[in-house]
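>>> Got a predicted structure here, sequence first:
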Amino acid sequence: MTDVLTYAADGGVAVLTLNRPELMNALNAPLRRALLDGIARANAEARVIVLTGAGRAFSSGQDLTDAGDLSAVDFERTLREEYEPLLRALWDSPLPVIAAVNGAAAGAGANLALAADLVIAAEGARFVQAFTRIALIPDAGGTYWLPRQVGFARAMGAMMLAEAVTARQAADWGMIWEAVPDAEFAARWQARARVLAQGPKGALTGVKQALRASLVNDLEAQLALEARLQGACGQHPDFREGVAAFLEKRPARFAGA
């Protein structure tokens, strides 16, 4: 990986750390490219992906100092050619993706976190849809994910008012999975990542496929998808191992391939 992103893998967990702490991990073009490469690498060699930030922030969002002359910025091109492939890579990854939000997550940084499957935040973290402060609309998938997570009214208020949402408030709203006391944060997300890494890989991938398809499927299509995915899971050795472990009252040892 490049200096703007660190990559560490252990026990099936690939940790991708945004590494521009002096700029609160603002997202510039090299960091977006490094994230895309890191996700591809993790898909090939890990069982879980964790995104987190170095220093006191998760990410402050788009690096507004990166472009020089703001009047020359082509936001549509940047979103279509740089952000969209990154967000699609997260969405399409077969692996569970955890965003371990260690501090401020603002703008595109907040929405990068919300693209993950599980968001675990330190209680000191904040989520800010800061776009209207600089006369922009929310992007990086925020207008897709946030209303589905918290409802239309809360999404509208968060985006129009651009007020910070605390980690505890985000957990209460259903925006994230959990808010954890700062002192316990690292241990908690690491433990969650280990649990997923030891889980049944095919079933976890199936959960992602089924839930995401449910956003657009009607009932008939969703029931058909459930049947197809469950049929595949039922033929996998992990299912037999899971049942055996249940009957023998022991932890399951999933192969996961």
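Looks like it arrived, so ask away. Numbers count the residues shown, from 1 in each chain.
>>> How many residues are close by residue 243?
For residue 243, the count of nearby residues is 11 (other Cβ atoms under 10 Å). All C-beta spots, glycine's among them, are computed from the backbone N, C-alpha and C.
>>> and it, that's in a strand?
No - read with DSSP: H, G, I helix; E, B strand; the rest coil, residue 243 is helix and lies in no strand.
>>> Contact partners for residue 45?
Counting by Cβ atoms under 8 Å, 6 or more residues apart in numbering, residue 45 touches 9, 14.
>>> Relative to residue 23, how far out is it?
Applying Cβ to Cβ, to the nearest Å, the value for residue 45 to residue 23 is 29 Å.
>>> now swap in residue 91 and tell me
Taking Cβ to Cβ, one finds residue 91 at 26 Å from residue 23.
>>> Which strand or helix spans residue 44?
Here residue 44 sits within helix 29-45, counting by DSSP states H and E.
>>> List the buried residues for that helix?
For helix 29-45, a neighbour-count test (16 or more other Cβ atoms under 10 Å) marks 31, 32, 33, 34, 35, 36, 37, 38, 39, 41, 42 as buried.
>>> again, but for stretch 177-193
Quick answer for stretch 177-193 (16+ other Cβ under 10 Å): 177, 178, 179, 180, 185, 188, 189, 190, 192, 193.
>>> Residue 33: what's it in contact with?
Neighbouring residues of residue 33 by Cβ under 8 Å, 6+ apart: residue 82.
>>> What score does it have for pLDDT?
In this model, residue 33 is scored at 96, pLDDT.
>>> next one: the one 3 residues further on
The predicted local distance difference test score for residue 36 is 97.
>>> in which helix or strand would I find residue 159?
helix 152-161.
>>> Tell me the helix or strand right after that helix.
strand 165-166.
>>> That next one packs against which elements?
strand 126-128 (3 or more Cβ pairs under 8 Å, 6 or more residues apart in numbering; DSSP states H and E).
>>> Identify all contacting residues around the strand it packs on.
By Cβ under 8 Å, 6+ apart, strand 126-128 touches 101, 103-107, 110, 113-114, 121, 162-167, 170, 175-176.
>>> Narrow those to those that are buried.
101, 103-107, 110, 113-114, 121, 162, 164-165, 167, 170, 175-176.
>>> where do the helices sit along the stretch 151-257 of the chain?
Under the criterion DSSP state H, counting those that start in this stretch, helices of the stretch 151-257 of the chain are mapped to 152-161, 167-173, 185-197, 201-213, 219-234, 237-248.
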